[in-house]
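1. Okay, structure incoming, though there's no sequence with it:
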């Protein structure tokens, strides 16, 4: 698994450059231009037109989709079928971070579908890559619900164990989606990597020049408040302790307020915001989480 990921680290590092650029750009423009700053979907410059395809990474069993949303947008997505040799009855709904496009995350999805045997739906938010529209908190929540409903309605995926997987912003999207759907009882698990407690609480530490403008931020993503409302499914927390964008204390806080069981904490001493995924043990922990807490559903909490 590690060798496959190492081969594609040039793709995975692109969002890091975007995240660093956000810190430089964010200042007095926060209120008037905050959507452009919080959702840098045009970084790198060709990210709206150049979306790497699964075939470029040796993925053969996939579909390229355009999924309509209830409010008239069209979401670009990749559906990857699990490796039939060791397929699990698991479908992962994958939410990406705040820069680039889903093509940059294909190395991650390849491991999830090939090595871990999961179906993967990679959803591209509105305004990112080939998806239409412009991103904002309300719109991304419509997109997330659209992706979940697509899995529910697709016949070959009915009955599979649904797991939400979110990195950074994608974690906030996952938490909000889980809260809105937990009464349905079909979300079996959630995987969160380097996610923040809220945008307003992130600004003072990640973007110090704009700390006094944090109350003006209308893109809230109140993950800490929402997390405390979740119950009934397994959650895996993956925290890079060298995260330079989202302080690790945010992930620790989310774990602390989480009431859902089982909950599992894994930390990576050398993991930065976008390189945590390449740290030793990352996919081993996901594999164990799926086996122990999603497929079998063993009820316990572990913090290592």
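-> Everything's here; your move. The structure presented is a predicted model; accordingly, all values stated were derived computationally and were not measured.
2. neighbours around residue 48, how many?
-> Counted with other C-beta atoms under 10 Å, the neighbours of residue 48 add up to 16. Where C-beta positions appear, they are placed from N, C-alpha and C, glycine not excepted.
3. ok, now which ones touch it?
-> Shown in contact with residue 48 (C-beta atoms under 8 Å, 6 or more residues apart in numbering): 41-42, 101, 128-130.
4. where along the stretch 201-304 of the chain do the helices fall?
-> 223-227, 248-257, 282-289 (DSSP state H, counting those that start in this stretch).
5. Now render those helices as JSON lines, adding distance to residue 33.
-> Putting the helices of the stretch 201-304 of the chain into JSON lines (distance: least, C-beta to C-beta, whole Å) gives the following:
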{"stretch": "helix 223-227", "distance to residue 33": "23"}
{"stretch": "helix 248-257", "distance to residue 33": "24"}
{"stretch": "helix 282-289", "distance to residue 33": "34"}
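6. coming back round to it: separate out the buried members of the contacts of residue 48.
-> 41, 101, 128-130 (16 or more other C-beta atoms under 10 Å).
7. most packed of the helices of the stretch 201-304 of the chain?
-> Compared across the helices of the stretch 201-304 of the chain, helix 223-227 shows the largest average neighbour count, a mean of 21 (mean count of other C-beta atoms under 10 Å).
8. re the thing from before, which of the buried ones among the contacts of residue 48 scores worst on pLDDT?
-> Lowest-confidence member of these: residue 41, scoring 88 (pLDDT).
9. quick one, phi psi at that one?
-> The phi/psi pair for residue 41 (degrees, to the nearest 10) reads phi -70, psi -10.
10. quick one, what contacts residue 159?
-> residue 89.
11. What about it? Give its phi and psi, please.
-> According to degrees, to the nearest 10, residue 159 has phi 90, psi -10.
12. pLDDT at it, what is it?
-> At residue 159, pLDDT is 90.
13. With respect to residue 205, which of the contacts of residue 48 is nearest?
-> residue 41 (23.5 Å; C-beta to C-beta).
14. Check the gap between that closest one and residue 116 for me.
-> 28 Å (C-beta to C-beta, to the nearest Å).
15. Same question for residue 85.
-> Taking C-beta to C-beta as the measure, residue 85 falls 12 Å from residue 116.
16. From the contact counts, what lies against the lengthiest helix in the chain?
-> Identified as the longest helix of the chain according to DSSP state H is helix 137-153. Applying 3 or more C-beta pairs under 8 Å, 6 or more residues apart in numbering; DSSP states H and E, one finds that helix 137-153 contacts strand 62-68, strand 74-80, strand 90-95, strand 119-123, helix 169-181.
17. If you count neighbours, what's buried in it?
-> 137, 139-148, 150-151.
18. Next secondary structure element downstream of that helix?
-> strand 161-167 (DSSP states H and E).
19. Contacts only, for the residue sitting nearest the centre point of the chain.
-> With the centre of the chain defined as its mean C-alpha position, the nearest residue by C-alpha atoms, centre = their mean is residue 166, 1.9 Å away. Going by C-beta under 8 Å, 6+ apart, residue 166 touches 94-95, 172-175, 190-193, 195.
20. beta partners for it?
-> residue 95, residue 192 (DSSP bridges).
21. okay, it: pLDDT?
-> For residue 166, the predicted pLDDT is 98.
22. repeat for residue 21
-> 44.
23. Ok, residue 170 next?
-> 97.
24. mind listing what it touches?
-> Contact partners of residue 170, counting by C-beta under 8 Å, 6+ apart, are 94-97, 195.
25. number of nearby residues for the closest residue to it other than its chain neighbours?
-> Nearest residue to residue 170, sequence neighbours excluded (C-beta to C-beta, 6 or more residues apart in numbering): residue 95, at 3.2 Å. Using other C-beta under 10 Å, the number of residues around residue 95 comes to 27.
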